[in-house]
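1. requesting a structural model of the entry that follows:
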Amino acid sequence: MAAFIITGGFGVLGRAVAAAARTKGWAVALVDVGANAPDDLSADHVSHFPATDLLDAAATQSVFEAIAERHHGVGALANVAGGFAWAHTEQASPDLWQRMYALNVLTAVNASRAALPALRKARGSIVNVGAFGALRAAGGMGPYAAAKSGVHRLTEALAEELRDSGVRVNAVLPSIIDTPANRRDMPDADASRWVAPADLAEIVVFLASDAARAINAVLLPVTG
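-> Predicted structure coming up:
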């Protein structure tokens, strides 16, 4: 059974995508920089690849080759791994700008490049996680929005480059995702207006599926 690879697979959204993919019959491979997978991620047809540094292209390639061998192929990749920081431009250090670019763009680039040989064989799909807030950045969102804009452009470029191979590339652009971290950081906000991870995960899995075979190079806002 070909694998559905999920980067950032141990996090809130990654775990939701894994659960949604399993309900559709996918074998799931969870890739994460974390050293240990949470206990509740143990299940049949779910494999874990912890301590994977997606900023290391060679290490990423090695892990993805192991996934393809274990699962006899790769049918889909969800680039969920990323990072967020809020800082006004005047206070944001060059290191912060570089970190946002690395965590959001380079992780997706390295994962996509590593998955492509197997995805071409399967005529599979890539789904990236962009950001609705990158369409028009608010104050303090410069480093993050610039990085997620890079994810949007990567999505469009890859989709065109791979169009003749049968590999589709799309992205979801969520607004605020309802996570424990966001609730902690914004205690006075109305979380009922946020995007539920399970709802976003269903859209990611749909875009990766054959049911969405006519959808390519789309940046899909998901705003709750």
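2. show me where this protein has strands.
-> Along the chain, counting by DSSP state E, strands occupy 3-7, 27-31, 46-49, 74-79, 125-129, 168-174, 219-222.
3. now the third one, how far from the chain's geometric center?
-> Put simply, strand 46-49 sits 16 Å off its chain's centre (CA atoms, centre = their mean, to the nearest Å).
4. show me what that strand is packed against.
-> With contacts taken as 3 or more CB pairs under 8 Å, 6 or more residues apart in numbering; DSSP states H and E, strand 46-49 sits against strand 27-31, helix 57-71. (C-beta placed from N, C-alpha, C; glycine too.)
5. most packed of these?
-> strand 27-31 (a mean of 27; mean count of other CB atoms under 10 Å).
6. what residue of this protein is the furthest out?
-> Centroid-distance maximum for the chain: residue 90 at 29.2 Å, with CA atoms, centre = their mean.
7. ok so, going back, a markdown table for the strands of the chain, including mean pLDDT?
-> Formatted as a markdown table, these follow (pLDDT from 0 to 100):
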| stretch | mean pLDDT |
| --- | --- |
| strand 3-7 | 98 |
| strand 27-31 | 97 |
| strand 46-49 | 93 |
| strand 74-79 | 98 |
| strand 125-129 | 98 |
| strand 168-174 | 98 |
| strand 219-222 | 98 |
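8. from those strands, which stretch is densest packed?
-> Mean neighbours per residue, mean count of other CB under 10 Å, is largest over the strands of the chain for strand 3-7, with a mean of 32.
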